[in-house]
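S.K.: fold the following and give me the result.
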Amino acid sequence: MKPTQGMKQGISSVPSKGSKNAQLVRDNQLVRSAYFLTAQEARFVYWLFWQYQETKQREHLTYIGELAEFCGVRGRGVYQTMYDMCYRLQGRVVVIWDEKEGAPSFINFTEKITPNLGEGTIKAVLHSELVGYLDKEVIGNQTINNLQQACRLKSFYSMRVYDLAVCHGFRANGFIYHVEELKAELGVLELQKKNKTEVKIKNDRYPEWIQFKQKVLERAVKEVGEVTDVEVKFLPIRSGRRVTAVQMVARKKGNDAAYSSLTNGEVRLVQQLEKVGMPVREARDNVKKWGGNDPSMITWHVRECRSKSKPLAWLRSGLKNDYRPRLAVNDKAEQLHDLKKRNIKRDGVRVHDGPKSMGDLLKGMKK
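M.R.: Here you go, the predicted model:
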């Protein structure tokens, strides 16, 4: 059953992943807190935070389909997947150190989540204790993230590394974490309340340093560098043979680093590929290959991939194999195809002996 007209008036909007102006503002204490979510759950929480900052309301109602697309839930069983995610998220807890009380606070992200599968909507209520960490007019030391870049990250660990890099303000000497502290803030450690002023480790997903380094840090740092405008490097600090701390250095990449030696038209092509979810370096390489000789190769595949179930995978395959129908190729390519089919010489050279790539063929026809 579709939502009624009255319900549509109360529906909250979902920010587009292509919106570059959407920002997520949080208190540094919330960013430096300890919690674990899946990447899809983290996007759900980001949506709640963003909605509160835009409307100053804790309760929001939205369509399941729109929120699922924003959270990255695709394929079959979208409604059931969103229902299960709401069930798990209701039990998720964030551990924030309360300076006034001198003790850790265990706070749920939401007070209530109501998925209505019959009407195709989800109603979520942000926990009242988190409001003070999100109000732009109240918080002092704040972290401002680009919502588009944060939601394009596929791993929760990558999201947390990106958060911490922005939170510490790109200091030249970086910032140093004890290993246990870093694990807690990345969600590797599961914490449990021991008494009023202490917490204890309930579960360590990667107890050995080599596991934590390979499966968490290296993968997260690599993805952050490929997807966002932030570059992060880490250096282990040893006490004897044991790694006890990690020094992390983050820097903001400028437009020159991301779009070096590109024309304005090629920059626009890179941005089109980025909106689909392609990493900036891969997008730049594809534009370097096709943008100068055959830009329609990119624009056509970007337009068509939006209707596919896996747009990025289809786009990558299309740029390799060229899925355009004959009518989508320009007239010069059609003329060259006819010459090649009839094996006719042009400028003293047989066409079938010429260059193989479509870009080179079109370039040769300009003479």
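
S.K.: going by C-alpha atoms from here, please, whenever you check contacts or count neighbours.
M.R.: Fine.

S.K.: any weak-confidence spans in the stretch 151-300 of the chain?
M.R.: Counting by pLDDT under 70, the stretch 151-300 of the chain contains low-confidence residues at 172, 193-199, 254-264, 267, 291-292.

S.K.: what sits closest to Ile122 if chain neighbours are left out?
M.R.: Pro115 (4.3 Å; C-alpha to C-alpha, 6 or more residues apart in numbering).

S.K.: buried sites along the strand or helix carrying that neighbour?
M.R.: Pro115 is part of strand 110-116, with elements assigned from DSSP states H and E. For strand 110-116, the neighbour count (16 or more other C-alpha atoms under 10 Å) marks Thr110, Glu111, Lys112, Ile113, Pro115 as buried.

S.K.: residues touching the last one, list them.
M.R.: With contact taken as C-alpha atoms under 8 Å, 6 or more residues apart in numbering, Pro115 is in contact with Tyr83, Cys86, Thr121, Ile122, Lys123.

S.K.: secondary structure class of Leu61, three-state.
M.R.: Under DSSP: H, G, I helix; E, B strand; the rest coil, the three-state class of Leu61 is strand.

S.K.: around the residue nearest to it when sequence neighbours are not counted, how many other residues sit close by?
M.R.: Distance criterion C-alpha to C-alpha, 6+ apart; nearest residue to Leu61, sequence neighbours excluded, is Lys123 at 4.3 Å. By the criterion of other C-alpha atoms under 10 Å, Lys123 has 17 neighbours.

S.K.: contacts for whichever strand or helix holds Lys123?
M.R.: Secondary structure from DSSP H and E places Lys123 in strand 121-126. Under the criterion C-alpha under 8 Å, 6+ apart, residues 3, 48-49, 58-64, 109-116 lie in contact with strand 121-126.

S.K.: and what of stretch 207-224?
M.R.: Residues outside stretch 207-224 that contact it (C-alpha under 8 Å, 6+ apart): 153, 155, 157-159, 161-162, 206, 230-233, 243.

S.K.: ends of it, what's the gap?
M.R.: 23 Å (C-alpha to C-alpha, to the nearest Å).

S.K.: same check on stretch 225-233?
M.R.: Using C-alpha to C-alpha, the two ends of stretch 225-233 sit 9 Å apart.

S.K.: can you list the buried residues in it?
M.R.: Buried, per 16+ other C-alpha under 10 Å, within stretch 225-233: Gly225, Glu226, Val227, Thr228, Asp229, Val230, Glu231, Val232.

S.K.: now the two most distant members of these.
M.R.: Using C-alpha to C-alpha, the buried residues of stretch 225-233 span at most 11.9 Å, a distance reached by Val227 and Val232.

S.K.: element containing the closest residue to Gly72 other than its chain neighbours?
M.R.: Residue nearest to Gly72 in three dimensions, not counting chain neighbours: Gln40, with 6.2 Å by C-alpha to C-alpha, 6+ apart. Per DSSP H and E, Gln40 falls inside helix 39-55.

S.K.: buried residues, stretch 312-320. List them.
M.R.: For stretch 312-320, the neighbour count (16+ other C-alpha under 10 Å) marks Leu312, Trp314, Leu315, Arg316, Gly318, Leu319 as buried.

S.K.: got the CA positions of that stretch in CSV?
M.R.: The C-alpha trace of stretch 312-320 is given here as CSV (Å, rounded to 0.1, in the frame of the first residue of the first chain):
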residue,chain,number,x,y,z
LEU,A,312,29.6,1.1,-11.3
ALA,A,313,30.3,-2.4,-12.4
TRP,A,314,28.3,-1.9,-15.6
LEU,A,315,30.1,1.4,-16.2
ARG,A,316,33.6,-0.2,-15.8
SER,A,317,32.7,-3.0,-18.2
GLY,A,318,31.1,-0.6,-20.7
LEU,A,319,34.2,1.6,-20.8
LYS,A,320,36.2,-1.4,-21.7
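
S.K.: what does that stretch contact?
M.R.: With contact meaning C-alpha under 8 Å, 6+ apart, stretch 312-320 is reached by Val276, Gly277, Met278, Asn286, Met297, Ile298, His301, Val302, Cys305, Lys308.

S.K.: one more time with 10 Å, if that's ok
M.R.: 273-278, 282-283, 286, 289-290, 297-298, 300-306, 308, 311, 321-324 (C-alpha atoms under 10 Å, 6 or more residues apart in numbering).

S.K.: which of the residues you listed count as buried?
M.R.: Among the contacts of stretch 312-320, those scoring as buried are 273-278, 282-283, 286, 290, 297-298, 300-302, 305, 311, 323 (criterion: 16+ other C-alpha under 10 Å).

S.K.: next step: those restricted to helices.
M.R.: 273-276, 282-283, 286, 290, 297-298, 300-302, 305, 311 (DSSP state H).

S.K.: need the max-distance pair from those residues.
M.R.: Among those, Trp290 and Pro311 lie farthest apart (C-alpha to C-alpha), at 19.0 Å.

S.K.: much appreciated, bye for now.
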